[in-house]
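In: Here is a sequence together with a model predicted from it:
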Amino acid sequence: MQALISVLEQSYAAIHPPDLSEAAELVDTPIRPRVLLDHELRRLDIISNVWDESLWDKHVGNRCFCVHVYFVQENSDRKFSDEDVFKFIFQSLRAGDEDFAYEIARKGGLVLFVNNFKMRQFTKTKEQIGGGAKPPKSRLLWKQIALTASNDVSIGRWQRAVRGILCGNYDAVLPVAESWEDEAWIYFKCFLDAAFEKAIAQWRNNLGGEALSPDAWKNSFNLGDLFDRISNSANERVRHSAQSIFPLSIRAAFINDLDDAVVEIERFILKTSMLYPIDLGIEELQEQNLEVGSGVRFSLHVLLLMRRAGNPVEPILFGRACYLYVKTTTSRNAELWACYLSKIPDDQRHDAILHFFTSHLSEPKDKFDFLRAIAVYDPENTIAVSKEFVQNSILADPPAFTESDLEIFGGLFQAIASLEYGIAEWLLAVTNYVIRRYFLPDDMEIDSANEFFLAVKPFIEPFLEEGRISADGIFAKSEFICWSRYLAVCEKFSEWRICMDLIKSGTAEDSGATSRFKYQQEAILAGYEILSTTDWMGAGAPVIDSFDADRDQQVACLRGKTLGQVFCSLIEILQYANDSVDEKMEIEQLNTSLELSDHIMKNFEEMIGEFSYVEEGIVKVQDAANRISASPRHARFMTKRLKDKIHTFETAARHRFQVSSDKSIFSI
């Protein structure tokens with residue numbers, strides 16, 4: 001019983017520390033007390049040390065205990081009434097801090113309470129009672145005075161409450177109770193006081209209860225009656241809170257009724273499940289009564305203790321309690337989430353993990369940390385939940401993923417890629433599929449593709465560098481490398497174009513010559529490397545999942561689009577010097593353009609497959625050949641070898657692309 005009292009006092013002290021701030025001001029601030037004592041209190045103070053039975057009736061019949069007290073601070077007009085002081089004392093007692101209550105009484109000159117506290121020190125333990133401690137003879141007098149005062153309805157309720165606690169008169173204290181915990185503390189405290197008095201009476205007959213009013217011994221020690229009293233409290237708020245899980249479970253524990261405890265927990269979990277449905281999101285959850293979370297935690301720990309003790313617990317009840325605990329906890333510890341979700345029965349666990357991952361967690365880091373944590377306990381469901389997330393977000397059509405989804409998807413490589421054979425390859429295939437989806441439309445979304453690629457690249461590259469992709473994923477690995485190189489060359493082309501725009505506008509530093517040459521050479525080298533790759537976007541890969549069923553057709557199309565785009569960009573760079581006065585450089589650029597065109601046309605079916613992909617570049621090459629061949633200032637550079645190259649180019653272009661012959665200046 002004392003343990004429960006201590007718990008109730010500690011919880012009150014933790015929740016209501018501000019209530020004692022003014023009381024602390026009384027103790028900590030130098031004050032000048034003005035205590036108005038009537039002659040009865042002075043007489044009572046005299047007999048506190050000298051037992052005089054002749055004075056008993058006089059003091060019992062007088063209101064000497066009704067002391068009017070107020071405090072006046074130095075240099076302040078603020079006043080504390082007697083009720084204020086008694087309220088501070090009661091709050092201190094309720095918080096289990098009798099020392100603080102004693103200081104308030106001592107500072108205020110409340111002799112009655114100062115002496116009462118001193119006397120109560122003799123009744124703390126049974127051992128002290130039987131160990132020779134001698135309570136003063138005036139003890140019963142103080143007890144009777146407090147009891148009489150607590151029944152006096154003409155004084156303030158806080159004064160009655162304080163005196164009621166000191167003499168065990170719970171009827172005087174109950175009016176200030178505001179919660180189930182308050183009433184439980186009042187009853188237990190008063191019952192404990194009566195127990196001490198009975199023990200003293202048994203030890204010292206001359207200090208027995210015959211001198212006290214019969215009301216002093218009225219307290220019952222039947223625990224069932226105690227809880228029934230609280231459940232039927234006159235306070236509606238107390239009656240309502242008495243039906244919550246804590247009071248009901250405490251009642252079951254005290255009366256040793258385990259079955260009843262389980263029934264109450266099951267009822268509470270069912271009610272809470274209706275308040276917190278499994279698909280309730282975090283925003284709605286935060287709007288609910290968060291106090292339920294402590295009840296769920298309490299219920300779950302009771303069930304865990306029962307399981308540990310070998311008592312049977314219904315799996316559905318236990319699983320729901322685990323899920324509600326994770327759902328309502330304010331902890332951000334992913335290990336804790338994973339630990340309790342892993343305890344949910346197998347047939348319920350997948351849905352619980354999925355809903356918690358998709359609905360409850362909002363921050364990418366929380367989702368990523370959770371997947372890594374739950375993977376330790378349940379790899380199979382972790383993979384299943386991860387795949388459902390990818391299917392619903394990354395692979396959605398149209399694309400539904402957000403920036404945070406990208407971050408989560410990238411994190412999956414670290415969270416689940418090593419859990420099962422083929423998962424890393426599956427994630428890599430998803431990455432390639434998403435990139436292909438950006439390039440398949442006529443207007444390729446290079447910027448969006450690059451944004452997606454850069455988001456996942458840091459997570460994928462370690463797997464490629466460490467050789468953690470199996471033989472089954474060799475095609476996916478090769479395609480990813482192709483996309484990496486293609487997006488890199490697109491970046492080089494973009495840098496070159498930006499540089500040329502700056503030169504044209506006259507805003508480039510040092511005429512931009514150095515930068516132009518640098519970007520031009522980097523772009524040309526990167527483009528050459530791609531066009532010379534023999535297995536660019538290779539087909540024939542095994543189907544990893546249903547989303548990838550059309551991979552070979554998509555790759556065949558994108559092979560031509562990407563190589564054609566690289567070819568056209570290279571021709572653009574090489575033909576940029578049309579207005580240059582350096583005829584020799586123009587001839588060199590034409591030679592290179594003709595060689596690139598020859599390479600494309602010789603391997604056209606394998607590399608390109610559709611003329612529209614290279615048409616722009618082919619036309620530019622033919623225009624440059626026509627212009628240079630007809631220019632007198634280039635005549636001295638027109639060697640037989642160059643003329644043959646032009647002739648070969650035009651013949652192949654007419655034959656393969658049906659380029660109009662009126663553009664040619666050479667006869668076949």
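Out: Sure, I can see it. Residues are numbered from 1 along each chain as shown.

In: What segments of the stretch 101-250 of the chain are helices?
Out: Along the stretch 101-250 of the chain, counting by DSSP state H, counting those that start in this stretch, helices occupy 111-120, 126-129, 139-150, 157-167, 170-173, 180-203, 223-231, 236-241, 245-254.

In: what's the answer for the stretch 451-600 of the chain, then?
Out: Going by DSSP H, counting those that start in this stretch, the stretch 451-600 of the chain shows helices at 474-505, 513-531, 551-574, 583-602.

In: quick one: average confidence on the shortest one?
Out: Okay, so that is helix 513-531. Mean per-residue pLDDT for helix 513-531: 84.

In: likewise stretch 620-635?
Out: Here the average pLDDT along stretch 620-635 is 88.

In: Could you do stretch 489-507 as well?
Out: For stretch 489-507, mean pLDDT rounds to 84.

In: quick one: buried residues of it?
Out: By 16 or more other Cβ atoms under 10 Å, the buried positions in stretch 489-507 come out as Val489, Cys490, Lys492, Phe493, Ser494, Glu495, Trp496, Arg497, Cys499, Met500. In this view, the C-beta of every residue, glycine as well, is placed from N, C-alpha and C.

In: on that earlier part again, which of the helices of the stretch 101-250 of the chain has the lowest average pLDDT?
Out: Across the helices of the stretch 101-250 of the chain, the lowest-scoring stretch is helix 126-129, with a mean of 43.

In: residue contacts, Leu487?
Out: Ile446, Ala449, Asn450, Phe453 (Cβ atoms under 8 Å, 6 or more residues apart in numbering).

In: Tell me which helix or strand the nearest residue to Glu595 once chain neighbours are set aside sits in.
Out: Leaving out its chain neighbours, the residue that sits closest to Glu595 by Cβ to Cβ, 6 or more residues apart in numbering is Lys645, at 7.7 Å. In the assignment (DSSP states H and E), Lys645 maps to helix 640-657.

In: still on that earlier bit, contacts only, for the residue nearest to Glu595.
Out: So Lys645 contacts Asn591, Leu594, Glu595, Asp598 (Cβ under 8 Å, 6+ apart).

In: Return the closest of the contacts of Leu487 with respect to Ala417.
Out: Closest approach to Ala417 among these (Cβ to Cβ): Phe453, at 17.7 Å.

In: Tell me the spatial nearest neighbour of the closest one, not counting adjacent residues.
Out: Leu487 is the one closest to Phe453 (Cβ to Cβ, 6+ apart), at 5.6 Å.

In: Also Asn169?
Out: Ser150 (4.5 Å).

In: and if you look at Glu491?
Out: Nearest one to Glu491, counting by Cβ to Cβ, 6+ apart, is Asn450 at 7.5 Å.

In: Looks like that neighbour contacts Cys490 (just checking).
Out: Yes. Applying Cβ atoms under 8 Å, one finds Asn450 in contact with Cys490, separated by 7.3 Å.

In: And the contacts of Lys645, which of them are buried?
Out: Asn591, Leu594.

In: Distance of Ile498 relative to His360?
Out: Distance, Ile498 to His360, using Cβ to Cβ, to the nearest Å: 45 Å.

In: and if you look at Arg163?
Out: Distance from Arg163 to His360, counting by Cβ to Cβ: 51 Å.

In: neighbour count winner among those two?
Out: Arg163 (27 against 21; other Cβ atoms under 10 Å).

In: Would you confirm that that one contacts Tyr170?
Out: No. Contact between Arg163 and Tyr170 fails when scored by Cβ under 8 Å: they sit 12.0 Å apart.

In: buried set for stretch 450-461?
Out: Neighbour count says stretch 450-461 has Asn450, Phe452, Phe453, Ala455, Val456, Lys457, Phe459, Ile460 buried, by 16+ other Cβ under 10 Å.

In: What is the nearest of the residues you listed to Ala624?
Out: Asn450 (30.6 Å).

In: Near Pro345, how many other residues are there?
Out: Pro345 has 14 nearby residues by other Cβ under 10 Å.

In: Dihedrals phi and psi, it?
Out: Reported as degrees, to the nearest 10, the phi and psi values for Pro345 are phi -50, psi 150.

In: With the one 3 residues further on instead?
Out: Gln348 adopts backbone torsions of phi -110, psi -10, taken as degrees, to the nearest 10.
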